[in-house]
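Engineer: Okay, here's the prediction I keep looking at, along with the sequence it came from:
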Amino acid sequence: AKRKFTMVLRAAVIALALLFGAEAKVYFKEQFNDEAWHERWVESSDWKPESDMGEWEWTAGDWYGDAEDKGIKTSQDAKFYGLSALMDEPFTNEGKDLVIQYTVKHEQKLDCGGAYIKVMPKADQATFGGDTPYSVMFGPDICGATRRTHVIFNYEPKDENLLVKREIKCEADQASHLYTLHVKADGTYEVFIDDESKQTGSLEDDWDFLAAKTIKDPSMSKPEDWVDEKKIPDPSDVKPEGYDDTPAQIPDPEAEKPDDWDDEDDGEWEPPLLDNPDFTGPWKQKMIDNPDYKGEWEHPVIDNPDYKEDPNLAVRCKDCGMVGFELWQVKSGTIFDDIIITDSLEEARQFAQETFFAKKDGEASMFEEIETERKEQEEAERELKKAEREAAEAEAEGGRLRMMGSRFRATDTSRYSRSTRWSNIWSR
């Protein structure tokens with residue numbers, strides 16, 4: 001009976017998996033693992049002058065989990081990069097979740113540049129660039145101390161690209177990282193990095209799609225007799241008589257007029273001043289609680305007549321049929337890989353297990369080996385330079401000593417010659 005139950009349970013799991021697989025819709029998927037990727041992607045040849053555009057390199061990078069698993073890499077510094085691909089068919093995520101996921105690796109220690117992806121309706125791929133309208137812009141953007149994960153949505157009623165109001169940090173090391181945006185059909189969202197949740201919330205709260213639900217009542221203002229001072233001067237506290245007669249400084253009683261002081265030439269002598277220990281500063285009246293204090297006045301709010309709900313707020317892709325990268329990088333070396341756009345977070349996670357997580361540990365091990373070798377080489381070069389410097393210093397010191405020795409011998413020989421000469425003269 002137990003075996004039969006196990007078989008039934010397994011069959012149910014398989015059936016659910018098949019059902020799930022049938023229901024999940026993948027709008028776009030790209031792994032860049034074949035040379036034909038060039039045929040699927042089009043460079044933005046008419047966006048900028050050719051001299052301003054950087055070239056894409058097809059590579060697994062300098063460290064990787066699988067040498068045959070490649071991505072596309074920015075290869076030239078201080079260049080623009082434009083690249084796009086069409087989907088098999090356009091889609092609108094009405095009534096469905098939207099999941100955008102891809103991997104980013106900054107091998108160059110990116111100091112300033114974008115690494116975000118854009119999803120949009122079909123457009124002219126040759127001119128695709130910064131001015132091309134898009135529906136979603138998602139991914140890391142780094143420049144100096146600013147390191148954020150962009151989540152920007154175009155909102156047609158306003159004809160604006162709206163930034164998320166709460167900043168989401170991005171990764172800035174040299175490892176591959178998995179970025180996932182999950183827009184849910186219920187109007188909420190979640191951002192993951194390496195499948196770890198970094199931010200959740202509602203679309204309405206975290207973007208300025210809609211007008212505020214409430215506003216301050218324009219017909220109301222703070223009453224003129226409203227008292228909002230918590231403290232007032234104590235009327236019973238009076239400044240003592242003679243308080244202002246105490247000077248802040250007094251002449252130094254121990255100072256004496258110098259003996260060589262000449263009043264005619266130097267002027268009338270005055271002793272230096274010292275801080276007066278009896279001076280307590282300007283008099284301040286004591287403060288007491290204000291008996292008429294009513295508290296901080298709060299402006300009454302009313303429902304905003306301009307507020308209108310949008311039942312389609314979660315529809316962030318309408319007729320989306322193209323995906324692309326439109327970037328500027330000061331320092332090149334970013335690799336993009338394993339893109340998936342789907343209506344299922346589980347489908348995206350399964351894809352991540354087959355790609356990103358399957359390569360993650362191998363890449364980390366290779367990177368560690370390279371870093372260890374690099375550090376050992378740098379240490380060896382430092383030791384070599386140190387030895388060369390010490391040898392040069394020793395050689396210089398030896399030369400100095402030899403020079404001093406030759407001067408000493410020359411001086412001694414000269415003295416001997418003079419001594420011999422005088423001896424010969426006296427012997428005569």
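Structural biologist: Perfect, I can see it now.
Engineer: Next SSE downstream of the helix or strand of the chain with the lowest mean pLDDT?
Structural biologist: Least confident helix or strand, the chain: helix 2-23 with a mean of 49, by mean pLDDT, DSSP states H and E. Next helix or strand after helix 2-23 toward the C-terminus (DSSP states H and E): strand 26-30.
Engineer: May I have that next one as PDB, with CA atoms only?
Structural biologist: The C-alpha coordinates for strand 26-30 follow below in PDB (Å, rounded to 0.1, in the frame of the first residue of the first chain):
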ATOM      1  CA  VAL A  26       8.600  31.700 -22.400                       C
ATOM      2  CA  TYR A  27       8.600  34.900 -24.600                       C
ATOM      3  CA  PHE A  28      12.300  35.000 -25.100                       C
ATOM      4  CA  LYS A  29      15.400  33.000 -24.200                       C
ATOM      5  CA  GLU A  30      19.000  33.500 -25.200                       C
END
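Engineer: who touches it?
Structural biologist: Contacts to strand 26-30, defined as C-beta atoms under 8 Å, 6 or more residues apart in numbering, come from residues 37, 40, 85, 87-88, 91, 320, 323, 338-343, 347, 351. For glycine as for every other residue, the C-beta is placed from the backbone atoms N, C-alpha and C.
Engineer: Also stretch 272-292?
Structural biologist: With contacts defined as C-beta under 8 Å, 6+ apart, stretch 272-292 is touched by 227, 229-234, 237, 239-240, 243-244, 246-252, 255.
Engineer: and with 6 Å instead?
Structural biologist: Stretch 272-292 is contacted by residues 227, 229-234, 237, 239, 243, 246-250, 252, 255 when judged by C-beta atoms under 6 Å, 6 or more residues apart in numbering.
Engineer: again, but for stretch 307-322
Structural biologist: Contacts of stretch 307-322 (C-beta under 6 Å, 6+ apart): 84, 86-87, 90-94, 98, 119-122, 135-136, 153, 183, 185, 187, 203, 209, 211, 213.
Engineer: what pLDDT does the residue nearest the centre of the chain get?
Structural biologist: Centroid-nearest residue in the chain, with C-alpha atoms, centre = their mean: residue 147, separated by 1.3 Å. At residue 147, the pLDDT value in this model is 95.
Engineer: for residue 51, helix, strand, or coil?
Structural biologist: Assigned with DSSP: H, G, I helix; E, B strand; the rest coil, residue 51 falls in the helix class.
Engineer: Please work out how many residues are found near it.
Structural biologist: For residue 51, the count of nearby residues is 6 (other C-beta atoms under 10 Å).
Engineer: And residue 131, by the same measure?
Structural biologist: 8.
Engineer: Name the helix or strand for it, please.
Structural biologist: Applying DSSP H and E, one finds residue 131 in no helix or strand.
Engineer: can you give me the helices for the stretch 251-400 of the chain?
Structural biologist: 263-266, 345-354, 356-427 (DSSP state H, counting those that start in this stretch).
Engineer: pLDDT on the second one, on average?
Structural biologist: Going back to what we said before, that points to helix 345-354. Confidence for helix 345-354, expressed as mean pLDDT, is 98.
Engineer: Now do that helix: distance to the chain's middle.
Structural biologist: 27 Å (C-alpha atoms, centre = their mean, to the nearest Å).
Engineer: Of the contacts of stretch 307-322, select the buried ones using a PyMOL command.
Structural biologist: Buried subset of these, written as a PyMOL selection, criterion 16 or more other C-beta atoms under 10 Å:
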select buried, resi 84+86+87+91+92+93+98+119+120+121+135+136+153+183+187+203+209
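Engineer: And the helices of the stretch 251-400 of the chain, which one averages the lowest pLDDT?
Structural biologist: Looking at the helices of the stretch 251-400 of the chain, the bottom one is helix 356-427 with a mean of 78.
Engineer: Which residues in stretch 327-336 does the neighbour count mark as buried?
Structural biologist: By neighbour count on 16+ other C-beta under 10 Å, the buried set for stretch 327-336 is 327, 328, 329, 332, 333, 334, 335, 336.
Engineer: Pick the one among the residues you listed closest to residue 130.
Structural biologist: The nearest member of the buried residues of stretch 327-336 to residue 130, counting by C-beta to C-beta, is residue 328 at 8.5 Å.
Engineer: OK, contacts around the closest one?
Structural biologist: Counting by C-beta under 6 Å, 6+ apart, residue 328 has contacts residue 80.
Engineer: From what I see, residue 57 and residue 72 are in contact.
Structural biologist: No. Assessed by C-beta atoms under 6 Å, residue 57 is found out of contact with residue 72, at 7.1 Å.
Engineer: So which of those two has more stuff around it?
Structural biologist: residue 72 (21 against 16).
Engineer: Could I get the contacting residues of the more buried one?
Structural biologist: Neighbours of residue 72 in contact, by C-beta under 6 Å, 6+ apart: 32, 56, 336.
Engineer: biggest strand in the protein, by residue count?
Structural biologist: Scanning the chain for the longest strand, with DSSP state E as the assignment, gives strand 79-91.
Engineer: the strands in the stretch 151-300 of the chain, which residues?
Structural biologist: Taking DSSP state E, counting those that start in this stretch as the criterion, the stretch 151-300 of the chain carries its strands at 160-163, 176-183, 188-193, 196-202, 214-216, 231-233, 249-251, 273-275, 287-289.
Engineer: Deepest in the core, which of the ones you listed is it.
Structural biologist: strand 176-183 (a mean of 24; mean count of other C-beta atoms under 10 Å).
Engineer: What is the neighbour count of residue 235?
Structural biologist: The number of residues packed near residue 235 is 9, by other C-beta under 10 Å.
Engineer: what's the answer for residue 166, then?
Structural biologist: 10.
Engineer: What does the pLDDT read for the spatially closest residue to it that is not a sequence neighbour?
Structural biologist: Spatial nearest neighbour of residue 166, excluding adjacent residues (C-beta to C-beta, 6 or more residues apart in numbering): residue 206 at 5.7 Å. Looking at residue 206, its pLDDT reads 97.
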